[in-house]
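1. Curious how this folds, go ahead:
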Amino acid sequence: MVRPLTLRALWASLGFLAALLLAAMSVSAQISAPEPDPLARMRRAAAANSQACSESELSACAQAAPKIIANAMGPSPLAENLRRLTDEIGGRLTGSPAMAKAVEWAVAAFRDAGIDDVHTEKFTIPHTWSEGATRVEIVSGPGFAVHAVSVAWSPATPPSGIEAELVDAGAGAPDDFARIGGTARGAILLVHTDVLRTFDDLFAEYLRDPGIITRATAAGASAILWMGTREGLLLYRHLTGLGQDGSLEKLPQAIVAREDAQRLAGDLGAGKRIRVRLELPNRIGGPAVEQNVVAEIRGRDLPNDFVVLGAHLDSFELGTGALDNGCNAALVIEAARDIHLTGLLPKRSIRFVLFSGEEEGMLGSWAYVRTHHDELDHTNAAIIFDEGSGRVTGFSLGGRRDLQPEVLRQALAPVNSWSVSRLTDDAILGTDNLDFLLEGVPNLVANQEEANYVANYHAPSDTYDKVDILNLKLNTAVAGVLAFSLAEFATPLGPRLSRLQIDKLLKDTGLDAQLKTLEVWPYWEAGRRGRQP
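-> Below you'll find the model as predicted:
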């Protein structure tokens with residue numbers, strides 16, 4: 001039953017509505033354009049001893065953090081920016097015309113966010129690559145249509161393809177190659193995989209594959225067909241290793257839909273001989289110029305000291321690269337907007353970077369540390385986002401047990417209620433933190449819930465509709481608050497490590513073995529990648 005309003009209740013309701021209106025006006029004021037001279041407000045606040053960031057206390061600026069959060073959670077162009085990147089530009093293969101359009105999108109979006117200092121930085125990639133009409137045809141044996149895509153940066157086959165016996169190489173372990181012996185020579189190998197379900201499964205796959213390729217090459221195999229790791233005929237594309245240098249793969253390789261590969265394995269297991277023709281008319285170009293996009297909010301006191309907030313802009317092209325990593329490219333741009341709209345400048349500069357060439361071996365971030373070599377002593381931290389739109393639960397510290405966790409806890413204090421407190425000392429090498437780590441710069445990678453990231457990883461299903469926009473807004477607020485706080489605090493997160501200290505970190509964390517597996521270790525040993533001796 002609904003009671004009629006009394007006069008007193010009516011006045012109370014009107015008062016409540018008025019309060020709501022005032023609150024809405026307050027939020028609107030918070031996200032309005034900055035004053036012509038943001039420093040003027042900071043000077044007035046400092047003179048009044050209120051709202052100013054203390055140089056000694058380890059807490060986010062009392063004025064900046066709430067405004068960054070309000071800007072991130074309020075109306076913003078974040079979702080529309082991401083839609084334009086994914087639905088209109090689409091998948092952004094490094095070196096492709098779509099990637100060039102994505103660079104233009106990023107420059108325009110940073111400028112629309114109010115950032116005046118926006119530019120691109122060029123570097124050279126060894127090869128451009130795009131897939132032709134991949135085809136796996138059963139020439140003899142039980143025939144059916146086989147669904148397949150080329151592995152990224154796989155060499156092309158001859159125009160007529162490669163026709164050979166299909167040999168089941170099991171999991172591709174040394175024992176499997178001992179079992180198949182000389183039958184591997186000249187054959188096309190079928191390699192089994194497990195179903196991909198978690199981040200750990202994904203990293204295990206990347207670290208397993210290079211050894212299999214080495215064994216297949218030594219055995220004289222002509223090509224590899226990988227059993228897909230996804231069910232439901234879902235195909236995907238990636239390299240067969242991480243951290244490489246943009247060079248071509250050693251053998252022609254394709255990924256076959258899991259159900260098709262299992263059918264082939266079943267027929268081979270039943271003693272049936274199968275001969276297949278693999279056609280990979282991939283288009284491969286020579287060296288090409290690629291670009292990182294860099295925007296900067298200059299610090300008020302230490303403009304030549306930096307905090308980097310970054311994500312990679314490139315993607316594979318079967319899907320539209322929404323979860324990997326368009327959502328976090330849009331996050332970096334939005335965090336710049338949210339900080340700019342506060343009208344406040346941090347003590348140090350914040351540099352917002354969208355890297356190209358991440359999928360081919362972190363080529364863009366490797367180029368960035370080379371370009372900014374002389375600034376790395378003054379780079380206080382590099383913060384990287386690259387795990388979709390799953391909620392941020394904390395940050396990986398890149399194996400750095402010497403970093404000051406209290407600084408991070410205080411920096412994240414304004415978002416304590418969101419449980420962004422899981423600080424892990426694991427060292428990650430699968431994203432754009434790698435070259436900052438190898439240069440000894442404190443590096444943080446966002447730990448995120450897996451959500452739907454792994455299921456859609458590098459697949460046609462990685463599309464805009466998979467992004468959780470509310471989570472993305474929350475993550476943007478975390479990124480903005482953390483970047484501003486680290487740029488503001490008097491106490492730095494930690495020092496830059498020496499070459500000897502980095503070498504010890506690599507061995508203590510086991511990264512040295514992973515870098516050897518991925519063939520990056522020779523670059524480190526020769527001083528071609530990482531801090532110089």
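2. and R529, what element?
-> Counting by DSSP states H and E, no helix or strand carries R529.
3. which ones are touching the nearest residue to it once chain neighbours are set aside?
-> Nearest residue to R529, sequence neighbours excluded (Cβ to Cβ, 6 or more residues apart in numbering): Y523, at 3.7 Å. Backbone N, C-alpha and C define where each C-beta goes, glycine included. Y523 is in contact with 245, 529-530, counting by Cβ atoms under 8 Å, 6 or more residues apart in numbering.
4. Quick check: which of those has the minimum pLDDT.
-> Lowest pLDDT within the contacts of Y523 is found at D245 (89).
5. Give me the distance between it and W366.
-> Applying Cβ to Cβ, to the nearest Å, the value for D245 to W366 is 8 Å.
6. Specify which residue of the two has the higher count of neighbours.
-> Applying other Cβ atoms under 10 Å to D245 and W366 shows that W366 carries more neighbours, namely 27 against 17.
7. So the more buried one belongs to a helix, correct?
-> Yes. Judged by DSSP: H, G, I helix; E, B strand; the rest coil, W366 forms part of a helix.
8. doesn't R528 make contact with it?
-> No. Using Cβ atoms under 8 Å, W366 is not in contact with R528; the gap is 9.9 Å.
9. W129: what secondary structure?
-> Secondary structure, three-state DSSP: W129 is strand.
10. okay but it is in contact with V151, surely?
-> No. Under the criterion of Cβ under 8 Å, W129 is not in contact with V151, lying 10.3 Å apart.
11. who touches the nearest residue to R208 once chain neighbours are set aside in this structure?
-> The spatial neighbour of R208 that comes closest, neighbours along the chain excluded (Cβ to Cβ, 6+ apart), is G172 at 7.7 Å. Shown in contact with G172 (Cβ under 8 Å, 6+ apart): 189, 191-192, 208, 211-212, 215-216.
12. tally of neighbours for R197?
-> R197: 13 neighbours (other Cβ under 10 Å).
13. measure it to E205 for me?
-> 11 Å.
14. What of D426?
-> Here D426 is placed at a distance of 18 Å from E205 (Cβ to Cβ).
15. between those two, which one's more packed in?
-> E205 (17 against 13).
16. Would you check that the more buried one makes contact with T229?
-> Yes. Using Cβ under 8 Å, E205 is in contact with T229, at 6.5 Å.
17. element containing A254, please.
-> Under the assignment here (DSSP H and E), A254 is part of strand 253-256.
18. Could you name the helices and strands sitting against the following helix or strand past that strand?
-> Downstream of strand 253-256, the first helix or strand assigned by DSSP H and E is helix 258-269. Packing partners of helix 258-269 (3 or more Cβ pairs under 8 Å, 6 or more residues apart in numbering; DSSP states H and E): strand 162-168, strand 188-191, strand 223-227.
19. Poorly predicted segments of the stretch 51-200 of the chain, please.
-> Applying pLDDT under 70 to the stretch 51-200 of the chain flags the ranges 51-61.
20. If we use 80, what do you get?
-> Across the stretch 51-200 of the chain, the ranges flagged by pLDDT under 80 are 51-62.
21. Now do the helices in it.
-> With helices called from DSSP state H, counting those that start in this stretch, the stretch 51-200 of the chain shows them at 64-73, 78-83, 97-112, 174-180, 199-218.
22. contacts for the longest one?
-> Read that as helix 199-218. The list of residues contacting helix 199-218 from outside it, by Cβ under 8 Å, 6+ apart, reads 169, 172, 174, 177, 184, 189, 191, 193-196, 224, 226, 229, 240-242, 249-251, 253, 387, 430, 450, 454, 457, 514, 517-519.
23. How about stretch 270-282?
-> 129-142, 146, 150, 154-157, 159-166, 188, 223, 225, 252, 254, 264, 267-268.
24. hmm, back to that, helix or strand for the residue nearest to R529, just tell me which one.
-> Using DSSP H and E, Y523 maps to helix 521-525.
25. May I have that helix exported as CSV, CA atoms only?
-> Written as CSV, here are the backbone C-alpha positions of helix 521-525 (Å, rounded to 0.1, in the frame of the first residue of the first chain):
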residue,chain,number,x,y,z
TRP,A,521,69.6,-14.5,-23.2
PRO,A,522,72.3,-14.1,-25.9
TYR,A,523,71.1,-10.5,-26.4
TRP,A,524,71.5,-9.9,-22.6
GLU,A,525,74.9,-11.6,-22.5
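26. in that helix, what's buried?
-> Residues of helix 521-525 classed as buried: 521, 523-524 (neighbour count, 16 or more other Cβ atoms under 10 Å).
27. residue contacts, E317?
-> Applying Cβ under 8 Å, 6+ apart, we find E317 in contact with 90-93, 96, 98, 237.
28. now V293
-> V293 sits in contact with 103, 106-107, 110, 118-120, 313, 353-354, where contact means Cβ under 8 Å, 6+ apart.
29. quick check, nearest of the buried residues of helix 521-525 to I502?
-> Nearest to I502 among the buried residues of helix 521-525 is W524, at 8.7 Å by Cβ to Cβ.
30. now the closest one: how far from R499?
-> 10 Å.
31. Name the residues contacting each of those two.
-> G530.
32. just so I have it, where are all the helices in the stretch 301-450 of the chain?
-> Using DSSP H, counting those that start in this stretch, helices in the stretch 301-450 of the chain cover 327-341, 363-371, 405-411, 434-438.
33. Which residue would you name as the spatial centre of the protein?
-> Taking Cα atoms, centre = their mean, the centroid of the chain lies closest to D386, which sits 2.8 Å from it.
34. mind listing what it touches?
-> Per Cβ under 8 Å, 6+ apart, neighbours of D386: 311-312, 324-325, 328, 358, 431-432, 445-446.
35. Pull the number of nearby residues for Q532.
-> Residues lying near Q532 (other Cβ under 10 Å) number 8.
36. do G388 as well
-> G388: 28 neighbours (other Cβ under 10 Å).
37. My understanding was that it contacts A451; is that so?
-> Yes. At 6.1 Å, G388 and A451 qualify as touching, with contact defined as Cβ under 8 Å.
38. What separation do you get for I212 and Y368?
-> I212 sits at a distance of 32 Å from Y368 (criterion: Cβ to Cβ).
39. Check G74 too.
-> Shown here: G74 relative to Y368, a distance of 31 Å by Cβ to Cβ.
40. ok, the two, which is more surrounded?
-> Comparing G74 with Y368 by other Cβ under 10 Å, the one with more neighbours is Y368, at 25 against 14.
41. Please name the nearest non-neighbouring residue to that one.
-> N292 (5.8 Å).
42. Surely that neighbour touches M362?
-> No. Taking contacts as Cβ under 8 Å, N292 lies outside contact range of M362: 11.5 Å.
43. so who does D112 touch?
-> P77 are the contacts of D112 under Cβ under 8 Å, 6+ apart.
44. what do you get for L444?
-> Counting by Cβ under 8 Å, 6+ apart, L444 touches 381-384, 395-398, 408, 433, 482.
45. cool, and T431?
-> 312, 358, 362, 384, 386, 445.
46. roughly how far apart are it and V308?
-> 13 Å.
47. where's D425 relative to S140, distance?
-> Counting by Cβ to Cβ, the gap from D425 to S140 is 55 Å.
48. likewise G114?
-> Relative to S140, and taking Cβ to Cβ, G114 is found at 65 Å.
49. Make sure I have this right: L278 is in a helix.
-> No. Using three-state DSSP, the assignment for L278 is strand, not a helix.
50. hmm, back to that, got phi/psi on the residue nearest to Y368?
-> Backbone torsions of N292, given as degrees, to the nearest 10, read phi -90, psi 150.
51. Quick one, grab the pLDDT at it.
-> So N292 comes in at 98 (pLDDT).
52. Who does it form a beta bridge with?
-> As for beta bridges, N292 partners with E121 under DSSP bridges.
53. and what of L302?
-> R348.
54. List the contacts of it.
-> Residues counted as contacts of L302 (Cβ under 8 Å, 6+ apart) are 347-349.
55. All set, thanks.
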